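1. need coordinates for the below:
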Amino acid sequence: LHGCNANNCDAARVRARALGVGTTPPGAALELHNVHLTNGEAPEGGAVALYGTTKYATLTMYGGSISVSKAVGGAEGSQTNGGGGAVLLQGSGDQMMPTDVRVITGLFIHGASILGCEALTDGGGLLVNNGPFRLVGATIAGCTAGMYGGGLSNKLSSPSVIVGGSFSGCTAAIGGGGYHQQEGNVGISGGATWEGCTTTNMESTFSFFNTEVMGGGLLATDRANLDLADVTIRGSRGGNLNLRGDSQLVMVRTLIEGGVGKWGAGLGMVGGEATVSDSTIRGTNAGKFNGGGGAYLRSGATLTCDRCRIVENAGMYGGGMVVEGGATATVRDSIIANNGGASGQYNGGMAGPRPTPRGGCLFGGGFVVWQGATLTIVHSEVEANTCRYGGGIQVALASTLVVRESKLTRNRCNMDGCAIGLGDLGFLVEMTKGAEALAQVATNPKVQLLDVQIEHECNMGRYSQRWNGDLGQGPWRGIIPVFSYGKGRALDW
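-> Take a look at the predicted model:
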């Protein structure tokens, strides 16, 4: 189809089905040139739905747009029921490529726009299931999904590519406001941007305990592999980039900036493995009562960060990064600076005034390491981070910190441990005497400092004033091995 316009696409929808073995190309094929489809509505695939019963269904779009279309559900028995507000592409999973190289297998969108579309379930803009896709210079904006992938939801589709283009203002109720990848491999490059995407129930009471609510920008689950180069992810609500399960991330020359999200406003990992280099995470905010403004690692996650800048991030604990629950982080040749500050210190999570130690950060302005986690810092600078305790780094019980050939400079605190604080974070359970019970069973923190320079300002306030509401006497000590919410507990380290 060339240069066509179709309004009310529910009456004039475009639908193609594979005819079976022997068709050319394999599966179903649809090619649109500067076609504009609007106001589509269907049980799945609001404007366009393609099904490949033998090999691949293929949709190719050059220019044009699909707008204000809806997938409303009602396709009983279909695994994609209610999915794909603009486009549903259901492949068979056959990995054979067509012999005709002119045919782009799967979904190919070049310079087209997907605008204001809605899906009852997954893929507010696009739902690609069991077939690869390629987006080049595409615009996906204002799309909404009732579950995953407000802009695009991609399941079992590999290999796939996004080059340039943008995802903006997209929303998903559970995760992946801009983009959701479930299994499969995708490469994203060429200046692609995510701007202002959201998970809608991020601020509900239920979501406080719900680690499923993740990935306002991008979410990778179930052994998904993301390869990002020269990408910008900015201003997401619910976390800019999140990995779950056995997913893997390789990220190069990427900027993550602004936005808010519990358990990792910049990068959140519940398991999985990430290798990050020459990238920046800045100006993010974990929100009230939450930690890990820049990054949050848990459940055995592994992060390697080379030549990174983690700066101007805020959280109640671990403003720069939280490493917990058996997770491991290695930070090399990097700068971790000006993190901490109060929740809400930054307007909408964007970079703002330098945080102050009187703010809402309680523990670990730069890093928190706890619950059996390990943090290794090599040839890096931890500078000008602020918090009440552990202005630079807070190391809790049963966790390990190794710092080599690095500098801890001008980190500040209200109370103790302005450079490094050691303690059990007993404030979390103090009212139930849980801190005392924890101290009887947990092992002491392990700290190794090799060729480390610590530059610290001492302002020795009167000790008694610290417990009479006067928080203005700090910074009090540089490294303190006694901590349990003022009661004190000697730690061997």
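2. residue 59 and residue 267: what is the separation?
-> Distance, residue 59 to residue 267, by Cβ to Cβ, to the nearest Å: 32 Å. Using the backbone N, CA and C atoms, a C-beta is placed for each residue, glycine as well.
3. can you give me the helices for this structure?
-> If you assign secondary structure with DSSP state H, the helices in the chain sit at 434-441.
4. compare residue 59 and residue 267 (neighbour count), which wins?
-> Higher neighbour count among residue 59 and residue 267: residue 267, with 30 against 26, using other Cβ atoms under 10 Å.
5. who's the residue lying closest to that one once chain neighbours are set aside bridged to?
-> Leaving aside its sequence neighbours, residue 267 sits nearest to residue 295 (Cβ to Cβ, 6 or more residues apart in numbering; 4.2 Å). Here residue 295 sits in beta bridges with residue 267, residue 321, going by DSSP bridges.
6. run a quick neighbour tally on residue 295.
-> Other residues within reach of residue 295 by the criterion other Cβ under 10 Å amount to 32.
7. just the pLDDT for it.
-> On the pLDDT scale, residue 295 is placed at 96.
8. oh, and call the first residue 665 from now on, that's how I've got it
-> Okay, using 665 as the starting number, the last item reads as residue 959.
9. give me every residue that touches the residue nearest to residue 984 when sequence neighbours are not counted.
-> Of all residues beyond its chain neighbours, the one nearest residue 984 is residue 1003 (3.7 Å), with distances taken as Cβ to Cβ, 6+ apart. The contact partners of residue 1003, by Cβ atoms under 8 Å, 6 or more residues apart in numbering, come to 957-958, 974-978, 983-984, 1019, 1029-1030, 1049-1050.
10. show me what contacts the closest residue to residue 737 other than its chain neighbours?
-> Counting by Cβ to Cβ, 6+ apart, the nearest residue to residue 737 once its immediate chain neighbours are dropped is residue 746, at 3.6 Å. With Cβ under 8 Å, 6+ apart as the criterion, the residues that contact residue 746 are 707, 708, 735, 736, 737, 738, 739, 783, 784, 785, 786, 810.
11. can you give me the strands for the stretch 965-1114 of the chain?
-> Taking DSSP state E, counting those that start in this stretch to define them, one finds strands in the stretch 965-1114 of the chain at 966-970, 973-975, 985-987, 992-996, 999-1001, 1031-1033, 1038-1042, 1045-1047, 1050-1051, 1057-1059, 1064-1073, 1076-1077, 1084-1086, 1110-1119.
12. residue contacts, the residue nearest the centre of the chain?
-> Geometric centre of the chain, nearest residue: residue 905, 1.8 Å, by Cα atoms, centre = their mean. When the contact criterion is Cβ under 8 Å, 6+ apart, the partners of residue 905 are 879, 881, 882, 897, 913, 915, 920, 930, 931, 932.
13. can I assume the last one is in contact with residue 956?
-> Yes - Residue 932 is in contact with residue 956 according to Cβ atoms under 8 Å; the separation is 7.2 Å.
14. the more surrounded of the two?
-> A side-by-side neighbour count of residue 932 and residue 956, using other Cβ under 10 Å, places residue 956 first with 34 against 29.
15. returning to what we had before: save the strands of the stretch 965-1114 of the chain as CSV, and put in mean neighbour count and mean pLDDT too.
-> Formatted as CSV, the entries for these read as follows, by neighbours: other Cβ atoms under 10 Å; pLDDT from 0 to 100:
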stretch, mean neighbour count, mean pLDDT
strand 966-970, 20, 98
strand 973-975, 23, 98
strand 985-987, 33, 96
strand 992-996, 21, 98
strand 999-1001, 24, 97
strand 1031-1033, 32, 95
strand 1038-1042, 20, 98
strand 1045-1047, 22, 96
strand 1050-1051, 33, 90
strand 1057-1059, 31, 90
strand 1064-1073, 19, 95
strand 1076-1077, 27, 83
strand 1084-1086, 30, 83
strand 1110-1119, 14, 90
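16. do you know which of those lies nearest residue 847?
-> Nearest of the strands of the stretch 965-1114 of the chain to residue 847, taken as Cβ to Cβ: strand 966-970 at 19.4 Å.
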